[in-house]
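In: Here is the input, now give the coordinates:
(2 chains)
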Protein chains: 2
Amino acid sequence: MINPLYLPEIREMLAEDDAQGLAQFSTALHPARTAEFMEGLTAAEAWAVLRHAELALRAEIFGFFDEAKQTEIIATGDRAEIGELIAELPADDRVDLLQRVDHQIVAELLPLIPPAVRRDILRLGSYAAGTAGALMTTEYASLGEGVTVRQALDELGRQAEELETINYLYIVDGEEHLRGVVSTRQLVSSLGRPETTMASLMERDLVTVDVHEDQEQMAERVARYDLLAIPVVDEQRHLLGIITHDDVIDVMRQEASEDVYRLGAVGPLQTGYLETPWFTLSWKRGVWLIFLLLVGLLTALALKTYKGDLERPEMAWMVFFIPLVISAGGNSGAQSATLVIRAISLGDVSVSDALRIVRKELVIGFCLGSVLGLIGYSYVFALTSAGAVSGLVIPITLILVVICGTLIGSLLPLLFNRLGLDPALMSNPFVAGIVDVAGIIIYMNVALLMLGH
Amino acid sequence: MINPLYLPEIREMLAEDDAQGLAQFSTALHPARTAEFMEGLTAAEAWAVLRHAELALRAEIFGFFDEAKQTEIIATGDRAEIGELIAELPADDRVDLLQRVDHQIVAELLPLIPPAVRRDILRLGSYAAGTAGALMTTEYASLGEGVTVRQALDELGRQAEELETINYLYIVDGEEHLRGVVSTRQLVSSLGRPETTMASLMERDLVTVDVHEDQEQMAERVARYDLLAIPVVDEQRHLLGIITHDDVIDVMRQEASEDVYRLGAVGPLQTGYLETPWFTLSWKRGVWLIFLLLVGLLTALALKTYKGDLERPEMAWMVFFIPLVISAGGNSGAQSATLVIRAISLGDVSVSDALRIVRKELVIGFCLGSVLGLIGYSYVFALTSAGAVSGLVIPITLILVVICGTLIGSLLPLLFNRLGLDPALMSNPFVAGIVDVAGIIIYMNVALLMLGH
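Out: Below is the predicted model of the structure:
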């Protein structure tokens, strides 16, 4: 959603090279809002505006641009100025950004970046995507145990501008082992006792994340412990970086989207719906649709097996109810899968709860199947001339199919989780497809049992 | 997941009334971890342990208990002690808590709570669930514009223990109108100039939320602007409270869960899967299943309409493909609905993008339908003795059904959004059900056109 409100004014100032006006525009609003008003500009125009803001603010506004514009500016701007900008960006963001830019351009930019920053970029860039290491920033405050409250505040004052967060001071020993954490809140509360040392203030029982740990687990932990940032350590407990709340929120959104897409049988998207090209979307959907069509082949095969029976006059009416019967199973299976997958994602259940889950789903399946069966029985009389006894095929099938759906829908995600796969791969359409096949077999066998071969 | 590691030790200390041991246990670990180790205790046991921790820590550990245990402790503990505990809890949490407790007990507790806290509880409790007002806390730091950096730090030091967050100082005028905000980071950076006033430090372009605004919009805004807390104001811009990042994370999880449940045709749960009783689950699922069974009735009616045709020998083989054809439409419809619903939730698309979305879905639908059609055509030869021309019914139907699925799947959520309803009510099973009916009608009409009446 582009906000065109100030676009004409901005373009006029650019045309007139109105340095003062452009500088004012950059400082008047919250950087995120400034970036919003610049969304309609081309990358070149946006960069021409930004050059009138001082470096720190320029980097901040740049951080709120969308990814496409950021990448284009990096690729096309004056190399020396871009090098300056990169050095000013948050340590974690600039690594993500450079990974989206052409290798050749990155190779040209790196020599223009101060050596310490360059080393930092190369180090952070070495962690696999989706791990804590790939999300962390190295811009945190760390102090020794002997530092006093007064010294800590002075130090914070000097560094505050460059730090990603000043909510926590991390206390380390001479070899950078993490020993404890002092919150700014504790520091400020202790202003009356300025000679207190960090060692006596610090919390020693720490919630940390291993540098190679999965980002989803990390986000769960931050949410559970209500943290503003979490320290990232290696196996020897060296402090390597921190992950701040804004990145945690991004991870949660991303993981929730992934679950939603998978449940809908769409491969997860990396970009917004409108930005994703139609062929990428087709590919991410087509793979699943083709796979589901193979499952559909099984339903056709199952029905073909019962060809002779379906052609008997007393069973002809049953054809009408095929979609109804199998979709009742598929829908209840999709419900069970949705519930179990979400519960696994939220950390509410694990494989060890499988027996409890299955018992619960059995009860629910029987109860729901019975209600649907009653309604389905009434449909038989409304739509067909089948007798009271042969009509019983529908309610009996519905009960069995719904129970089958709840069992398959709850067990498949648990099984996938057990195998170390993402349970959300058990999409609703996939569960429904499997239950469709089972539904046809159940339906035909109930009919043959009731009506005789 | 209950951690039983220390349960025997805790129970032994309780039996021996080992006050020192219990006090040590309470302080040794992070409060969230202490609460985890107490999960296996009954409410009465947990409260007996907590009473050995000092009040502030007691309230903190209590805050990490699950809702059921919190409610039971409030209902059964000594009234005077519980009153003390409630006064110590964060302002927003205690309101949520009291709303889950029996009215009679709340009426007995309120007189035991200090008057200022009591008024605060009644005021915060008056906002509708799901609004910013219902989430906010009143424990923020607010100062006048003339206050200096030195005074602000002193004031923060005095209040730090009681505030929910000290990341931002809110600057108000004499009538509590919000004028600006100063971050603790700015404050700490300005330590070298202790006489600077808030008026010269403060950011005046503020991101705020109206007290009656929906919590989902609020969370979106906090995520977009990377905020740690957002101020809540009324129409006259009086500062009423703030919402902190931990509540924002909770809202995002809750909203993501709601979308997931709705997409799976389950009424949103208020509690975890295992804690939700089977009859509540049955109810939240049964309502949807019954509704979907009514949609299923339409498929039976549609098929019955074509009874005579389906009994013709040259069309008999088509019965096998009914589930396959309609599930291809249902699946592609579910994909479109998933994509559009998620994009609406993330704020990526709005109703004004409807035309772009429909064009895109048409292209994707044609492309996917053609691929599925090719595969489906090969199925015809593998499974039936239908000729090359009459077999064309399957690919033509698949193309039309998939296009129909993508259109219905994308338009229904947009329509619901336009009507002010939650687009996620267009669950995947519902979209699939509608497309099933359309699919049967398309299938039969294509067949009759190709094979003649």
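
In: can you give me the strands for chain A?
Out: With strands called from DSSP state E, chain A shows them at A:141-143, A:168-172, A:178-183, A:209-210, A:229-233, A:239-244.

In: In JSON lines, list those strands along with mean neighbour count.
Out: Glycine gets a C-beta too; all of them are placed from N, C-alpha and C. As requested, the strands of chain A are arranged in JSON lines below (neighbours: other C-beta atoms under 10 Å in any protein chain shown):
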{"stretch": "strand A:141-143", "mean neighbour count": "19"}
{"stretch": "strand A:168-172", "mean neighbour count": "24"}
{"stretch": "strand A:178-183", "mean neighbour count": "20"}
{"stretch": "strand A:209-210", "mean neighbour count": "21"}
{"stretch": "strand A:229-233", "mean neighbour count": "24"}
{"stretch": "strand A:239-244", "mean neighbour count": "25"}
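
In: Show me the shaky parts of chain A.
Out: Across chain A, residues meeting the criterion (pLDDT under 70) sit at A:1-5, A:453.

In: any idea how far the nearest residue to A:Lys360 once chain neighbours are set aside is from A:Leu7?
Out: On the basis of C-beta to C-beta, 6 or more residues apart in numbering or on different chains, the spatially nearest residue to A:Lys360 that is not a chain neighbour turns out to be B:Trp278, at 5.5 Å. Remark: distance between B:Trp278 and A:Leu7 (C-beta to C-beta, to the nearest Å) = 57 Å.

In: With A:Thr197 instead?
Out: Taking C-beta to C-beta as the criterion, A:Thr197 is separated from A:Leu7 by 55 Å.

In: Can you name the residue of the stretch 301-450 of chain A nearest to chain B?
Out: Checking the stretch 301-450 of chain A residue by residue against chain B with C-beta to the nearest C-beta singles out A:Thr338 as nearest, at 2.6 Å.

In: Could you pull up the contacting residues of that residue?
Out: Residues in contact with A:Thr338, defined by C-beta atoms under 8 Å, 6 or more residues apart in numbering or on different chains, are A:Leu263, A:Asn428, B:Val260, B:Tyr261, B:Leu263, B:Gly264, B:Ala265, B:Val266.

In: what's the closest non-adjacent residue to the fourth one?
Out: Translated: B:Tyr261. Nearest-residue entry for B:Tyr261: B:Pro268, 4.8 Å, with adjacent residues in sequence omitted and distances by C-beta to C-beta, 6+ apart.

In: Phi, psi for the one you found please.
Out: B:Pro268 has phi and psi values of phi -50, psi 140 when expressed as degrees, to the nearest 10.

In: neighbours around it, how many?
Out: Other residues within reach of B:Pro268, judged by other C-beta atoms under 10 Å in any protein chain shown, total 15.

In: and it, what does it touch?
Out: Contacts for B:Pro268 (C-beta under 8 Å, 6+ apart) come out as B:Ser257, B:Glu258, B:Tyr261, B:Arg262, B:Lys284.

In: Among the contacts of A:Thr338, which lie within helices?
Out: Within these, membership in helices is found for A:Leu263, A:Asn428, B:Val260, B:Tyr261, B:Leu263, as judged by DSSP state H.

In: Neighbour-wise, which one of these leads?
Out: Counting by other C-beta under 10 Å, top hit in these: A:Asn428 with 30 neighbours.

In: Check the spacing between the residue nearest to it when sequence neighbours are not counted and B:Trp288 real quick.
Out: Spatial nearest neighbour of A:Asn428, excluding adjacent residues (C-beta to C-beta, 6+ apart): A:Ala334 at 3.8 Å. From A:Ala334 across to B:Trp288, the span is 10 Å (C-beta to C-beta).

In: Next, show the common contact partners of these two.
Out: By C-beta under 8 Å, 6+ apart, the residues touching both A:Ala334 and B:Trp288 are B:Ala265, B:Pro429.

In: So for these two, which sits in the more crowded spot?
Out: Set side by side, A:Ala334 and B:Trp288 show more neighbours around A:Ala334, with 31 against 21, by other C-beta under 10 Å.

In: Which residues are in contact with the more buried one?
Out: When contacts are counted by C-beta under 8 Å, 6+ apart, A:Ala334 is found next to A:Gly405, A:Gly409, A:Asn428, A:Pro429, A:Val431, A:Ala432, B:Gly264, B:Ala265, B:Asn428, B:Pro429.

In: From those, list the buried ones, please.
Out: Applying 16 or more other C-beta atoms under 10 Å in any protein chain shown to these, the neighbour count classes A:Gly405, A:Gly409, A:Asn428, A:Pro429, A:Val431, A:Ala432, B:Gly264, B:Ala265, B:Asn428, B:Pro429 as buried.

In: Farthest pair within these?
Out: Across the buried ones among the contacts of A:Ala334, no pair lies farther apart than A:Gly405 and B:Asn428, at 14.3 Å, counting by C-beta to C-beta.

In: Pipe the contacts of A:Thr338 into JSON lines and attach distance to A:Asp78 per row.
Out: As requested, the contacts of A:Thr338 are exported to JSON lines (distance: C-beta to C-beta, whole Å):
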{"residue": "A:Leu263", "distance to A:Asp78": "46"}
{"residue": "A:Asn428", "distance to A:Asp78": "51"}
{"residue": "B:Val260", "distance to A:Asp78": "46"}
{"residue": "B:Tyr261", "distance to A:Asp78": "51"}
{"residue": "B:Leu263", "distance to A:Asp78": "47"}
{"residue": "B:Gly264", "distance to A:Asp78": "52"}
{"residue": "B:Ala265", "distance to A:Asp78": "55"}
{"residue": "B:Val266", "distance to A:Asp78": "55"}
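
In: Tell me the one of the residues you listed nearest B:Arg312?
Out: Sorting the contacts of A:Thr338 by distance to B:Arg312 puts A:Asn428 at the head of the list, at 35.4 Å, by C-beta to C-beta.

In: Scan chain A for its longest helix.
Out: Ranked by residue count under DSSP H, the longest helix found in chain A is helix A:354-383.

In: Which neighbouring elements make contact with that one?
Out: In this structure, helix A:354-383 makes packing contacts with helix A:322-345, helix A:393-418, helix B:278-305, judged by 3 or more C-beta pairs under 8 Å, 6 or more residues apart in numbering or on different chains; DSSP states H and E.

In: of those helices, which approaches B:Tyr379 most closely?
Out: Across the helices and strands packed on helix A:354-383, B:Tyr379 has its closest neighbour in helix A:322-345 (17.4 Å, C-beta to C-beta).

In: what angle sits between that closest one and helix B:278-305?
Out: Angle, helix A:322-345 to helix B:278-305, by axes from the mean of the first three to the mean of the last three C-alpha atoms, to 10 degrees: 150 degrees.

In: got the buried residues for helix A:322-345?
Out: Taking 16+ other C-beta under 10 Å as the basis for neighbour counts, the residues of helix A:322-345 that come out buried are A:322-345.

In: Could you check how far it is from the centre of its chain?
Out: The gap between where helix A:322-345 is centred and where its chain is centred comes out at 22 Å by C-alpha atoms, centre = their mean, to the nearest Å.

In: now it and helix A:354-383, what's the angle there?
Out: Using the same axes, to 10 degrees: helix A:322-345 against helix A:354-383 is 160 degrees.

In: Residues in a beta bridge with A:Ala141, which ones?
Out: Beta-bridge pairing of A:Ala141, defined through DSSP bridges, involves A:Leu169.

In: Am I right that it is in contact with A:Glu161?
Out: No: with contact defined as C-beta atoms under 8 Å, A:Ala141 and A:Glu161 do not form a contacting pair (11.9 Å).

In: Out of the helices and strands packed on helix A:354-383, flag the one nearest B:Ile442.
Out: Judged by C-beta to C-beta, the one of these that comes nearest to B:Ile442 is helix B:278-305, at 10.2 Å.
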